[in-house]
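Chemist: Please find the sequence and the predicted model below.
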Amino acid sequence: MSVNMAMVSPPEELASLSTRNRIVCFVNDELSAAALRKGLEDSNLSIKRGTIRNAIRMLETDTELFALVADISGIDDPFTELERLASVCPPDVLVALIGDSREITFYRELMEIGLTEYLPRPLTRDMVLHQLRPKLLGDVRPGAADRGGHVISICGAQGGAGATSIAINLALQLAETTKAKVALLDLHLQNGETAVMLGVRPGPGLRIALENPMRADTLFLERAAIDIDERLCLISADEELDAQLNITEAGVRHVLGLLRQRFNYIVVDIPVPFPPSIHPVITLSRHVLVLLEAEVTGLRNAHALRNAVTNIAGKDRVFTLLNRANRPGGLPRATIVKALGAEPDMVIPDLGKGMTQAVNLGIPALKHVSALRRHLAPIVREIAGIGAQRKGWFRRLFR
């Protein structure tokens, strides 16, 4: 019996196959690394700490890769480094850069010399997913490509985990940072806490609109929305506990459609478990934050919630947010990482009794706990792609 030798790959060929689709990234900050990890998920990805200079040193001895992503932030003359890179990088390797410059002329010069892509910092999952991933992998992950407001859903893996508080303060900081119009939609129609935490009374009409979309006309927002400030509106309800609700999928879609026409961002506080009528919210969300505390029930439920979101809309938009991370008595970080299978995507530490005091006073915690703003900033940056301005932000990177 003869053997077709063409079908048998020698060990060195198998090794070559394992590196053929290898993507190596050199970045200098964890936020960029997290965005690349999310956006290039399911690829043969290796993320290292460093800049284009570290990439050059690697390529002097290791050229078995498909694509290279390198950080040029802080490099005074990136074109000199690119010349050095070209001398050691095989011509068939795709090269993309990350940097601080947002100048169109700089981008065009990079494209003219054969770069695959350039992304300005701050880097977000969406930027990698929709701008870099198609160039490197030739595919586009499902995403919210349609026009309309950006939907962010927040759900708590356990009662009292702080999902509503985070939703409120995230909506406020989004409005403040982006200067855009933001809607905060509380879908806990019974026992909802957003209005209480903000010291206001819910407006009428949300239940009617969710049950019967034909009755939700253009005046719905004027009747249901409460102005929290000039950029943030709250849409919530306070139905009796014995009320028999009949929320419909069509009603949820219609309300979200109206909000997406009027607001740039819609932050939604979602009840758990997800009733089928709420599924359109998950489907339309570009970010779904599964919030948990360092407790056994939180870990168990977070795993189930992540699976539920993945089954409804895919895993590319679900993020795990560990709240009150360092609270005394909580599970060790190593246990949490092992149970989740990875580090939490976002972390907010225990910020003390000021958070509870803010709730009791009916004021946003942002106005009472100064540290909260700092810890929400990376989440705002991931959602909106806007970071804190740094000295020299607009400085040209080339001479």
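Modeler: Yep, it's here.
Chemist: For residue 322, give its distance to residue 166.
Modeler: 11 Å (Cβ to Cβ, to the nearest Å). The way it works is simple: take the backbone N, C-alpha and C, and place the C-beta from them, glycine included.
Chemist: Return every residue with contacts to both of the two.
Modeler: Counting by Cβ atoms under 8 Å, 6 or more residues apart in numbering, the contacts common to residue 322 and residue 166 are residue 348.
Chemist: what sits up against the lengthiest helix in the chain?
Modeler: Looking across the chain with DSSP state H, the single longest helix is helix 296-313. Contacts of helix 296-313 with the rest of the structure, by Cβ under 8 Å, 6+ apart, involve 142, 155, 157-158, 161, 272-274, 279, 282-283, 285, 288, 290, 292, 315, 317-318, 320, 331, 336, 339-340.
Chemist: With just CA atoms, put the helix or strand following it into PDB.
Modeler: Using DSSP states H and E, the helix or strand that follows helix 296-313 in sequence is strand 318-323. Provided in PDB are the C-alpha atoms of strand 318-323 (Å, rounded to 0.1, in the frame of the first residue of the first chain):
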ATOM      1  CA  VAL A 318     -19.900  41.500  26.900                       C
ATOM      2  CA  PHE A 319     -17.600  42.900  29.500                       C
ATOM      3  CA  THR A 320     -17.200  41.800  33.100                       C
ATOM      4  CA  LEU A 321     -17.100  44.600  35.700                       C
ATOM      5  CA  LEU A 322     -15.900  43.700  39.200                       C
ATOM      6  CA  ASN A 323     -17.300  46.200  41.700                       C
END
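Chemist: Name every strand pairing with strand 318-323 and say which way it goes.
Modeler: Note on strand 318-323: by DSSP bridges, its sheet partners are strand 285-292 (parallel), strand 346-348 (parallel).
Chemist: Can you tell me the SS state at residue 46?
Modeler: At residue 46 the chain is in strand, as set by DSSP: H, G, I helix; E, B strand; the rest coil.
Chemist: number of nearby residues for it?
Modeler: 11 (other Cβ atoms under 10 Å).
Chemist: ok, now which ones touch it?
Modeler: Contacts for residue 46 (Cβ under 8 Å, 6+ apart) come out as 22, 23, 24, 25.
Chemist: how much space between the first one and residue 58?
Modeler: If you measure residue 22 against residue 58 using Cβ to Cβ, the figure is 12 Å.
Chemist: and what of the third one?
Modeler: Taken as Cβ to Cβ, the spacing of residue 24 relative to residue 58 amounts to 7 Å.
Chemist: so what's in contact with these two at the same time?
Modeler: Counting by Cβ under 8 Å, 6+ apart, the shared contacts of residue 24 and residue 58 are residue 48.
Chemist: which one of those two has more residues nearby?
Modeler: Of the pair residue 24 and residue 58, residue 24 is the one with more neighbours under other Cβ under 10 Å, namely 22 against 18.
Chemist: tell me the pLDDT at the more buried one?
Modeler: Residue 24 is assigned 95 on the pLDDT scale.
Chemist: Residue 40 too?
Modeler: Note for residue 40: predicted pLDDT of 91.
Chemist: Quick check: it touching residue 137?
Modeler: Yes. Using Cβ atoms under 8 Å, residue 40 is in contact with residue 137, at 7.4 Å.
Chemist: Looking at these two, which one has more neighbours?
Modeler: Here residue 40 and residue 137 are set side by side on neighbour count (other Cβ under 10 Å), and the busier one is residue 40, at 23 against 17.
Chemist: mind listing the helices for the stretch 1-150 of the chain?
Modeler: Ranges of helices in the stretch 1-150 of the chain, per DSSP state H, counting those that start in this stretch, are 11-20, 30-39, 52-59, 78-88, 104-112, 125-127, 133-137.
Chemist: what does the stretch 251-399 of the chain give?
Modeler: 279-284, 296-313, 333-340, 354-361, 370-384.
Chemist: got TSV for these, with mean pLDDT and distance to residue 226 too?
Modeler: Below are those laid out as TSV (pLDDT from 0 to 100; distance: least, Cβ to Cβ, whole Å):
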stretch	mean pLDDT	distance to residue 226
helix 279-284	93	20
helix 296-313	88	29
helix 333-340	87	36
helix 354-361	82	18
helix 370-384	90	22
